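Enquirer: okay, predicted coordinates and the sequence, questions at the end:
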Amino acid sequence: LLNDEFISEKISSTDDYSLSYLGFIPGNQVQLISDNDQSEERVKWVNDRIMFNGASLDWSKAYMKMPTKSDIINYEKIPVNNRPHIVFAKDPIFMKIRDMIDQAEHSIFIDIFLFGGTMGGTLAKYLIDETIKKQRKNPKFHTILLHDFATDYNMRPEMLPVFYYIRDRIAGKTFVAGEQKVPPGVVNLLQANIQRHTPGIPFGLSNLIEKNETTFPMIEKRSTYYESKIDHSKVIVIDGNTHRAQAYFGSKNWTDHSGSYYYDNAIWVKGPVANLVQYSYYDDIEAALTLDTEERKWFYFKDKGLSNEHYLDRRDEILNNFKVTLDKVRTAGSETVRIAEANVDGRIKDTRNMLIDMILKAKSHIYMEQLFIYDKYINDALIKKLIQNPLLDVRILADHNGNFGMNGLPNTLFMKELKKYGVQLRARRTQTIPVTYPDGTQGKYHQENHRKIISVDGKVLLAGSSNMNPDTFQGSFREFGAQIFSNSEITTFEKQFLRDWADEEKTMDLEIEGLQLVIGGKTLSPEASALLNNIGAQLLRIKDDLEERY
């Protein structure tokens, strides 16, 4: 019957397999948001207000205030020293977060990986102040902020002052004239429970470090959790248990030096899928409020009041408030969405399968922007598809991986092979900006193409927090993203992608032949670099077989 021309227009064909336990979710509004300032001027703005090496947050400064709608319209007319925070006045990818907070009537849920600096501080203050106002109108209004304290990628000096501020505001303290005290139970700061993930470190190497009460204080001092288990989410949901639910998620972190001037994408949705985003995170809240004393033993910064012990007597109340209990949901638009995630314990990890499915179904083109491109399964799927269809147009804008200081590693591992089979590789012309810290020392920051986005044939697009590397796909990280099928949003993305691809001022060819890696500060010869690349690639190819992890 599906071969009948009339019937085939009325009944869509479906695959005989499922890639998401939640399936296709219709009835939504969808928007892909990619715009924030990545210029040298923006990097300088952030560096002039840096929080590392002798600096601190000054809550009295004008730039620590959230701009009003009037401020946004008249921003350039405001004297420079009186201007509120620039990202919430100029950058749509951040302004959307503020808009959602403004529109919330019942609840706000945030799970954010990196959250700090002037940007995080401004948002934290505004979030708390608005929660207090909204709770006066609706006594049941509440906000939950979930965060993984175990990994900060050297952003701890930017982040902890913001979380100390949140902690102290919840405890009833105020820092700026006019701040209101937080009513008990209205704002909740929970530490994410990462213990249920499998380790991301391969070959059981993390077992060489015994985790006990003696070693844990040393583990706690590191900027990256030694087992590579991370809550990598960048999610906000408002009114998740109502018919007004909205959600926003993607690759964008909310901190000055690891987010404010990076290249990123976010997806905003309104409708049934937003309810399901909150539904998906119920297990995360339950895990954060674990009753397992062995799990609670390894929560970070208990001595700083950042564990969840003081929330356990309200455990049932918090879980009941967070639970999505709607029997029916209302549609908000005509768009269909499919969630792609790795959940709190890695039982659900469907993003890799969705990406491979997209690649195998491609007929015309595949466009990607990726921070990492060294997942063997994805790369092999691309190669296989190009062998089957050599005319397929496959283009990847990949990051230089400058933050690793190895001249491209680990992204270089499969690049030569990808290029051999016809994958076109370019990179954005990102910046490396030197900085002088308040204590007189010198440093530098590498701008990243931090995007994790793929579009196929102008028909389907997937974006979120999942990097294209083994850790995120195998369930060691908590990740969240989605497939969208909006013709208008995908067309806009692809047109901009092709414009940037062709613009030599914005993008450049990636150096593959004659590549010289840098290891331990020493530049290797092209021959040694090629050998190291090949060894690394082969290790990744056999890793899952050796670990018996698939």
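Expert: Ah, there it is.

Enquirer: what residue ranges in this protein score low on pLDDT?
Expert: Scanning the chain for pLDDT under 70 picks out 1-14, 550.

Enquirer: map the structural domains onto the sequence of it.
Expert: Listed domain ranges for the chain are 90-333, 350-510 (source: automatic domain parsing).

Enquirer: need these in CSV (columns: distance to residue 547).
Expert: From N, CA and C alone the C-beta is placed, and that goes for glycine too. CSV is the format used below for the domains of the chain (distance: least, C-beta to C-beta, whole Å):
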stretch, distance to residue 547
domain 90-333, 7
domain 350-510, 9
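
Enquirer: any chance of JSON lines for those domains, columns mean neighbour count?
Expert: JSON lines is the format used below for the domains of the chain (neighbours: other C-beta atoms under 10 Å):
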{"stretch": "domain 90-333", "mean neighbour count": "19"}
{"stretch": "domain 350-510", "mean neighbour count": "19"}
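
Enquirer: select, out of the ones you listed, the one closest to residue 27.
Expert: Taking C-beta to C-beta, domain 90-333 is the member of the domains of the chain nearest to residue 27, at 3.1 Å.

Enquirer: ok, which of the domains of the chain comes nearest residue 46?
Expert: With distances scored as C-beta to C-beta, the stretch of these nearest to residue 46 is domain 90-333 (4.7 Å).

Enquirer: kindly check the end-to-end length of the closest one for me.
Expert: End-to-end distance of domain 90-333: 28 Å, with C-alpha to C-alpha, to the nearest Å as the criterion.

Enquirer: and if you look at stretch 464-483?
Expert: Length of stretch 464-483, first residue to last, C-alpha to C-alpha: 9 Å.

Enquirer: nearest to residue 75, out of the domains of the chain?
Expert: Per C-beta to C-beta, nearest to residue 75 of these: domain 90-333, 7.2 Å.

Enquirer: how about the strand or helix carrying residue 45: buried residues?
Expert: If you go by DSSP states H and E, residue 45 is part of helix 40-47. Buried residues in helix 40-47, counted by 16 or more other C-beta atoms under 10 Å: 42, 43, 45, 46, 47.

Enquirer: if we can go back for a sec, so which of the domains of the chain gets nearest residue 70?
Expert: domain 90-333 (14.0 Å).

Enquirer: hey, what's the closest residue to residue 464 other than its chain neighbours bridged with?
Expert: Spatial nearest neighbour of residue 464, chain neighbours left out: residue 481 (1.5 Å); criterion: C-beta to C-beta, 6 or more residues apart in numbering. Counting by DSSP bridges, residue 481 forms beta bridges with residue 340, residue 464.

Enquirer: hang on, residue 481 packs against residue 467?
Expert: No: Residue 481 lies out of contact with residue 467 (C-beta atoms under 8 Å); the separation is 10.7 Å.

Enquirer: any common contacting residues for those two?
Expert: Here residue 481 and residue 467 have residue 452 as joint contacts, going by C-beta atoms under 8 Å, 6 or more residues apart in numbering.

Enquirer: distance from the helix holding residue 45 to the middle of the chain?
Expert: 22 Å (C-alpha atoms, centre = their mean, to the nearest Å).

Enquirer: quick check: buried residues in whichever helix or strand comes after that helix?
Expert: The first helix or strand that comes after helix 40-47 along the chain, using DSSP H and E, is helix 69-73. Within helix 69-73, the residues that count as buried by 16+ other C-beta under 10 Å are residue 71.

Enquirer: and the contacts of helix 69-73?
Expert: Residues outside helix 69-73 that contact it (C-beta under 8 Å, 6+ apart): 78, 83, 84, 89, 95.

Enquirer: so which elements touch the next helix or strand after that helix?
Expert: The C-terminal neighbour of helix 69-73 among helices and strands, as given by DSSP H and E, is helix 87-90. For helix 87-90, the packing partners by 3 or more C-beta pairs under 8 Å, 6 or more residues apart in numbering; DSSP states H and E come out as helix 92-103, helix 117-137.

Enquirer: quick check, residue 341 in contact with residue 277.
Expert: No: between residue 341 and residue 277 there is no contact under C-beta under 8 Å: 9.2 Å.

Enquirer: okay, and the common contacts of these two?
Expert: With C-beta under 8 Å, 6+ apart, residue 341 and residue 277 have common neighbours residue 480.

Enquirer: related to what we said a few turns ago, of the contacts of helix 69-73, which is the most crowded?
Expert: residue 89 (22 neighbours; other C-beta atoms under 10 Å).

Enquirer: and that residue, what is it in contact with?
Expert: Per C-beta under 8 Å, 6+ apart, neighbours of residue 89: 67, 71, 72, 75, 83, 95.

Enquirer: nearest to residue 287 among these?
Expert: Comparing those against residue 287 with C-beta to C-beta picks out residue 95 as the nearest, at 31.8 Å.
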